[in-house]
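Participant: Give me a model of this one.
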Amino acid sequence: MGLALGELVAELGGELHGDPARLIEGLAPLESAQSGQLSFLSNPRYQPQLAVSQAGCVIVAPALREAALARGAAIVADDPYLYFARVTQLWKRRVLQRGFVPGIHPSAVVDPEAFVDPSARIGPLCVVERGARIGAFTELKSRVTVSEGCTIGERCILHPGVVIGADGFGIAPHQGAWEKIEQLGAVRIGNDVEIGANTCIDRGALADTVIEDGVKLDNLIQIGHNVRIGRHTAMAGCAAVAGSATIGEHCTIGGRAGILGHLSIADHVHISATSLVTRSIHKPGHYTGIFPLDENAAWEKNAATLRQLHGLRERVKALEKKSS
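Facilitator: Now for the predicted structure:
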């Protein structure tokens, strides 16, 4: 069971060099692919793997056409990674036959005052609370909770364990204790958003928390109350965004990165993994805030030196002032 190369190209385009009738029985990485499998090469630095790959066919960019043909069949596409992504979608539909089937699972709990589009899919043990709205062709996998008044747009995917609209972390100090600030806003999620397993997006305190169209969130992410994430931003696993931060469009946030509250991040900003953002970023670019890994003894010496930097700075300023 599989797809012929001719079928793939007829559906997705690309320039086929090889037998259209050749059957592809699986998809695999370049280094482990076998003769019945399709793979891809998008990064030229992995070109040495291409020559020795046993893949039945490889998707490559035009610049690697000759190198690919020297080893066998190839599909040439302007963006091999994007092409491979679309192959996986086609494979899921046609070979695995995991098409989208709308409906509400019998074990799900949907409040009578919630709205679920007839084309949506609500999986096992999901909860959709009063006043929530689920848009067309959106899929809630198992154990997803959409709290009261929250809105999910069209063609979204929420993976198992996602919680939309839990209370934001709002507390006021009073005589040595904490007074709860009721979270009266909601969460608004746009179209074509994907949210990874066990990610939590808190409802706003007064205004809504907003996730705009095309945002992609990985697993185990925490989005605080009144955060706004711009269109087509992607965030990797275990990242956290504190309340009232605003992240622009087309940004990428690396895994385990943190963004403090009330900050603003411009469009097209890229944050490296494990970085901590402590100030607003107003200019597009790639930003990193990581203390490098080192042997422990060396790291401790460097850390001790860092603690003295402020004093050293003040001494330098004083010397500069004196010399001027």
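Participant: Show me which positions of stretch 175-189 end up buried.
Facilitator: For stretch 175-189, burial by neighbour count (16 or more other C-beta atoms under 10 Å) applies to Gln183, Gly185, Ala186, Val187, Arg188, Ile189. In short, each C-beta sits where N, CA and C put it, glycine included.
Participant: Closest to Thr145 out of these?
Facilitator: Val187 (11.2 Å; C-beta to C-beta).
Participant: do you know how far that closest one is from Ala136?
Facilitator: 18 Å (C-beta to C-beta, to the nearest Å).
Participant: With Cys150 instead?
Facilitator: 16 Å.
Participant: next one: Ala234
Facilitator: Using C-beta to C-beta, Ala234 is found at 23 Å from Ala136.
Participant: So which of the two has more stuff around it?
Facilitator: More neighbours surround Ala234 than the other of Ala234 and Ala136, with 17 against 14 (other C-beta atoms under 10 Å).
Participant: thinking that one is in contact with Gly214, fair?
Facilitator: No - with contacts counted by C-beta atoms under 8 Å, Ala234 stays clear of Gly214, the gap being 9.0 Å.
Participant: what's the domain layout of this structure?
Facilitator: Domain assignment for the chain by automatic domain parsing gives 3-94, 111-287, 295-324.
Participant: among those, which is nearest Pro102?
Facilitator: Evaluated with C-beta to C-beta, those place domain 111-287 nearest to Pro102, the distance being 5.0 Å.
Participant: Just give me how far that closest one sits from the chain centre.
Facilitator: Domain 111-287 sits 12 Å away from the centroid of its parent chain (C-alpha atoms, centre = their mean, to the nearest Å).
Participant: before we move on, back to that, if you compare the domains of the chain, which one is most tucked away?
Facilitator: domain 111-287 (a mean of 19; mean count of other C-beta atoms under 10 Å).
Participant: Please measure how far the first residue of that domain sits from its last one.
Facilitator: One end of domain 111-287 sits 44 Å from the other (C-alpha to C-alpha, to the nearest Å).
Participant: what are the bridge partners for Ala74, then?
Facilitator: Beta-bridge partners recorded for Ala74 (DSSP bridges): His17, Val58.
Participant: From Ala68, how far out is the residue found closest to Ala63 once you drop the neighbours it is linked to in the chain?
Facilitator: Leaving out its chain neighbours, the residue that sits closest to Ala63 by C-beta to C-beta, 6 or more residues apart in numbering is Pro44, at 7.4 Å. Separation of Pro44 from Ala68 (C-beta to C-beta): 12 Å.
Participant: Val241 now?
Facilitator: Val241 is 42 Å from Ala68, by C-beta to C-beta.
Participant: Could you export the host helix or strand of Tyr81 as CSV, CA atoms only?
Facilitator: For Tyr81, the host element (DSSP states H and E) is helix 80-94. Output in CSV follows, covering the C-alpha atoms of helix 80-94 (Å, rounded to 0.1, in the frame of the first residue of the first chain):
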residue,chain,number,x,y,z
PRO,A,80,11.9,20.6,-0.7
TYR,A,81,10.9,21.0,3.0
LEU,A,82,7.6,22.5,2.1
TYR,A,83,7.0,19.9,-0.6
PHE,A,84,7.7,17.1,1.9
ALA,A,85,5.3,18.7,4.4
ARG,A,86,2.6,18.5,1.7
VAL,A,87,3.6,14.9,1.0
THR,A,88,2.9,14.0,4.6
GLN,A,89,-0.5,15.6,4.4
LEU,A,90,-1.3,13.7,1.2
TRP,A,91,0.0,10.4,2.8
LYS,A,92,-2.2,10.8,5.8
ARG,A,93,-5.3,11.4,3.7
ARG,A,94,-4.7,8.8,0.9
